[in-house]
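Visitor: From the sequence below, what's the structure:
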Amino acid sequence: MTCQYFSAVSLLCSLIMTTSVRSRSFDKKSHATPPVISDGPNYHVYFNPGDSRITLPCAATGTPPIAYKWTRNGVPLDVDDRVKVDGGTLLMRNPTTTYEGYYQCIASNDAGAAMSNVTFVQAAVLQTSDARTRAMVTSQSATSADPLKLRCSHVIRSIPAPVFEWEKKTTADYFRLNKFDSRITQTIDGWIVFAFVQTSDSGEYKCLSYNNILQESLGGSKFQLNVEPYNASVVERKVHEAPVLLYSTSNATMVEREKLTLTCLFGSWPLGYQVEWTLPSGEMANGSSFTIVNASVKDEGVYKCRAYKTTTLGSKRYSQTGHVSVQIDAIPSFTIFPADQEVVRGQRVNFSCQGQGRPTPNVTWYANGTSLGQIEDPASYVTFSDGLTAFLYLNDIQATATVTCNISNVHGYRLHTAKIVFASESDVDITNPSSQSRSVQRSTESAELSSTLSKTSTEAYHTVSTYSKQTLVSKENGSSKSGHSGKSEAHTSNSATSIVYTSAGVVGGLVVIVVVIIVVVLYIRRRNRNRADPVVPRDYRPRNDILIVNNQRVAYDSDDSGLGIDDQRPENNEQRGLRQQP
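Guide: Numbers count the residues shown, from 1 in each chain. Sure thing, here's the model as predicted:
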């Protein structure tokens, strides 16, 4: 008896466990999260070919566990004894110039993939003219009270840009110039400017180019300066002359939020002159240098500098005006970035992305770290733009994934990654028209589950019924074998009692089955009633009558009469073999 009852209960337990396993399986998928980059390399990394190692960090968060791989110039990086990936960090031992290139980390798991920023790894270089050319000395003559400027040359190439320094030779060796002498100014681009010279300035001068990565310097130009004593009548005349413009900062293009110092240097004897600046806004500033701090577009324009000297009669004598044109550009920044999406399997999902910058940034889409142009099924996505905002539609989502928007211009790029995850089953809303296509699939699943319930109920019923029949037969056989007519009535009474107990067991078992069926069906109906899908615009038409479909420009008529394919394809980073424009 016990075994038979356990058989029925076992079937019910199997049904409940099956439903529980399905729910847990779904919840496991819904809790899987695609990777998100939490640490990455710098945008530009210099190395000394004599260094022992290059280290490029990379880390990401997400579940299940994440695997890392690196690419160089868009091609998977081979790992060997000198190139290893430790966790997500790339380690390259004893690097040579062959290690130069654009590197990128890709973190991936079963739920998707994410990309780090691209870093340009470059070997430091310092090259100057040959030793014979550097040994040449150029003669330079001047008269006391004259202005003078000399330029460092013979530097052919330096990565990164060198730091220039000037030295003067004594009887023993060269020594660095006194930077506290207000007559002499050394500029960042290699000039040395004397507001006026004096006889003590005579001697040999040499410029040095210092590379802070290689931590070495090479000599450049050499000058032999000969300063003749001044003529009293000439010096008297110079006192009343206007200052002479000797140097001004070259026209510059800078990026927003950066700092730039503009300099104008003048020659005058004596030094008693003042420098004034006229800013693009019309405001005035004083000093040989003017610094733009935290630059913005309003700082763009032409900066004018001039010097004046006040004569003994109180009049002002002005120098020639220097002009420095400053253009303010901007690294791309997001005004609209793709947002994380919770979806139902098979759903279509849309993303939007918009960036600002100067020049206007380009937008590139990636799915799981792969450019859309490399996806095997071009029908799985549609991209287009209204001239300001870029849109991406992904069709028939069947797995969790990441979608990355890359906005880039000549000054850099920005990445933003959104996750596609499956919503829990309790979030389904079958009243949402956009999810009706999935309701068929869910109805099928419900029908399968109901069929399983029905089958299990039937098996449970047959099991209990079989037990009842076996019990009755057993009792009847028992009464026939007794052979004692005096006990016939008692035996009949026992059989009736057994039938009552058996009937009660059958009814109880059926009640349990019905209760379980009702609970499961109510759960399914509630699950299907509460799910809601994101609304996808179906009738959207971009402005300017241009679409970009699968990397092709598509022009359509305003009356929707048809579409025409334009064979011109926009250039993208893939032509350079890179994932993004750094």
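
Visitor: In this structure residue 143 contacts residue 225, no?
Guide: No. If you go by CB atoms under 8 Å, residue 143 and residue 225 don't touch, sitting 11.7 Å apart. Just so you know, the C-beta spots here come from the backbone N, C-alpha and C atoms, and that holds for glycine as well.

Visitor: shared neighbours of the two, which are they?
Guide: residue 197 (CB atoms under 8 Å, 6 or more residues apart in numbering).

Visitor: which residues are contacting stretch 106-115?
Guide: 32-37, 58, 60, 62-71, 88, 104-105, 116, 366, 368-370, 399-402, 404, 415, 417, 419-421, 579-580.

Visitor: Distance of the nearest residue to residue 177 once chain neighbours are set aside relative to residue 151?
Guide: Distances taken as CB to CB, 6 or more residues apart in numbering put residue 166 closest to residue 177, at 5.2 Å, once the chain neighbours are dropped. Residue 166 is 11 Å from residue 151, where distance means CB to CB, to the nearest Å.

Visitor: Which one's more surrounded, the two?
Guide: Using other CB atoms under 10 Å, the more surrounded residue of residue 166 and residue 151 is residue 166, with 22 against 16.

Visitor: List the contacts of residue 329.
Guide: 253, 254, 255, 256, 357, 358, 359, 409, 410, 411.

Visitor: How about the secondary structure of residue 517?
Guide: helix (DSSP: H, G, I helix; E, B strand; the rest coil).

Visitor: all strands of the stretch 1-150 of the chain, in order?
Guide: 33-39, 44-47, 53-56, 59-63, 67-72, 75-76, 83-86, 89-93, 101-109, 112-115, 119-123, 125-128, 138-143, 148-151 (DSSP state E, counting those that start in this stretch).

Visitor: mean confidence score for the longest one?
Guide: Across strand 101-109, pLDDT averages out at 94.

Visitor: and that strand, which strands flank it?
Guide: strand 67-72 (antiparallel), strand 112-115 (antiparallel), strand 119-123 (antiparallel) (DSSP bridges).

Visitor: If you count neighbours, what's buried in that strand?
Guide: Under the neighbour-count criterion of 16 or more other CB atoms under 10 Å, strand 101-109 has 101, 102, 103, 104, 105, 106, 107, 108, 109 buried.

Visitor: Highest mean neighbour count out of the strands of the stretch 1-150 of the chain?
Guide: strand 112-115 (a mean of 26; mean count of other CB atoms under 10 Å).

Visitor: ok now that one, how far from the chain's centre?
Guide: With CA atoms, centre = their mean, to the nearest Å as the basis, strand 112-115 stands 11 Å off its chain's centre.

Visitor: for stretch 368-377, same thing?
Guide: For stretch 368-377, the distance to the chain centre is 17 Å (CA atoms, centre = their mean).

Visitor: Below-threshold pLDDT in the stretch 251-400 of the chain: ranges please.
Guide: Low-confidence segments of the stretch 251-400 of the chain (pLDDT under 70): none present.

Visitor: mind redoing it with 80?
Guide: Applying pLDDT under 80 to the stretch 251-400 of the chain picks out residues 311-314, 373-379.

Visitor: where do the strands sit along it?
Guide: 252-255, 260-267, 274-278, 284-286, 289-292, 301-310, 316-318, 322-336, 341-343, 349-358, 362-367, 370-371, 381-385, 390-394.

Visitor: for those, which one sits closest to residue 520?
Guide: strand 341-343 (24.9 Å; CB to CB).

Visitor: Direction included, what does the closest one pair against?
Guide: Strand 341-343 has these strand partners (DSSP bridges): strand 412-422 (parallel).

Visitor: Could you give me the buried positions within the strand or helix carrying the residue nearest to residue 177?
Guide: Element membership for residue 166 (DSSP states H and E) is strand 163-169. Residues 164, 165, 166, 167, 168 are the ones in strand 163-169 that count as buried (16+ other CB under 10 Å).

Visitor: same thing with stretch 221-238?
Guide: So, applying 16+ other CB under 10 Å, buried residues of stretch 221-238: 221, 222, 223, 225, 227, 230, 238.

Visitor: Look up which residues are beta-bridged to the fourth one.
Guide: To tie it back to what came earlier, the one meant is residue 225. Residue 225 has the following beta-bridge partners by DSSP bridges: residue 140, residue 203.

Visitor: From what I see, residue 87 and residue 59 are in contact.
Guide: Yes. In this structure residue 87 lies within contact range of residue 59 using CB under 8 Å: 7.2 Å.

Visitor: so where's the stretch 451-582 of the chain uncertain?
Guide: Where the stretch 451-582 of the chain drops to pLDDT under 80, the residues are 451-512, 516, 519-582.

Visitor: ok so, going back, emit the ChimeraX select command for whichever of the contacts of residue 329 are buried.
Guide: Of these, the buried ones go into a single ChimeraX selection, burial set by 16+ other CB under 10 Å:
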select :254,255,256,357,358,409,411
